[in-house]
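Undergrad: Kindly return the folded structure for what I paste below:
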Amino acid sequence: MISDVTVKDAENKGLGVFALRDFTKDEFLFRRRYGRVVAKRDIERLSEEDQRHLCELDWETSAVLLSPGCYLNHSCDPNAMRKGVNVYAWKGIKQGEEITIDYRLNAFDDGRYECLCGSANCPGYMINSFFALSQEQQRVYLPYTPKFIREEYHRRNRSPLS
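TA: Numbering: from 1, shown residues only. Got it, this is the predicted structure:
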């Protein structure tokens, strides 16, 4: 049971995940759960709601996320980071604060979307790809990316796998 976070209205972003207590940097927040795994070719058969809550697992499959993880909103300056299915505080999070992640961590479709995060460093849009991030941001995020993104990063940078 997930008892330290809640899902509630996040204004113009729809629903969001909010802290019910303070969290310290690197503290475990909760485990994201999958409803089901679908092949890329079958995504269009999903309901619109399920399509809104997808997480890429590799180049060919995605998972439909369940609550509360499916309501984590994107931020260009996130306060949480996921590693596999676990979500951790990337920085201190205060009680009542919205918990956000950077969607680009495992994204690769290069779609351009309006960004509503409101962060100081937000350009107002997001290119939905890890590889659209700056080289520095890629290096910072790399340890938290899924294996398929790390492999592609090393292939593109011709560096040995770590």
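Undergrad: Helices of the chain, start to end?
TA: Listed in chain order, the helices of the chain (DSSP state H) span 48-52, 135-141, 147-157.
Undergrad: For the most centrally placed residue in the chain, give me its contacts.
TA: For the chain, the residue nearest the mean C-alpha position is residue 103 (3.7 Å; C-alpha atoms, centre = their mean). Shown in contact with residue 103 (C-beta atoms under 8 Å, 6 or more residues apart in numbering): 74, 126, 128. For the C-beta atoms, the positions are set from N, CA and C on the backbone; glycine is no exception.
Undergrad: what residues are up against the residue nearest to the second one when sequence neighbours are not counted?
TA: Meaning residue 126. Spatially, and ignoring its direct neighbours in sequence, residue 126 is nearest to residue 115 (4.4 Å; C-beta to C-beta, 6 or more residues apart in numbering). Residue 115 sits next to 74, 76, 122-126 when contact means C-beta under 8 Å, 6+ apart.
Undergrad: just the buried members of the contacts of residue 103?
TA: Buried subset of those (neighbour count, 16 or more other C-beta atoms under 10 Å): 74, 126, 128.
Undergrad: quick one: which of these is nearest to residue 136?
TA: Of all the buried ones among the contacts of residue 103, residue 136 sits closest to residue 126, with 17.3 Å by C-beta to C-beta.
Undergrad: which regions of this structure lie under the pLDDT threshold?
TA: Along the chain, segments meeting pLDDT under 70 span 1, 159-162.
Undergrad: Can you give me the end-to-end span of stretch 142-151?
TA: The first and last residues of stretch 142-151 sit 10 Å apart, counting by C-alpha to C-alpha, to the nearest Å.
Undergrad: Buried residues, that stretch. List them.
TA: 142, 144-146, 148-150.
Undergrad: again with stretch 63-74
TA: Quick answer for stretch 63-74 (16+ other C-beta under 10 Å): 63-65, 68-74.
Undergrad: So which of the residues you listed belong to strands?
TA: 63-65, 73-74 (DSSP state E).
Undergrad: What is the nearest of the residues you listed to residue 7?
TA: Distances from residue 7 to those, taken by C-beta to C-beta, are shortest for residue 73, at 10.8 Å.
Undergrad: Next, format the contacts of residue 103 as JSON lines and append distance to residue 11.
TA: Shown next, in JSON lines, are the contacts of residue 103 (distance: C-beta to C-beta, whole Å):
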{"residue": "74", "distance to residue 11": "14"}
{"residue": "126", "distance to residue 11": "18"}
{"residue": "128", "distance to residue 11": "22"}
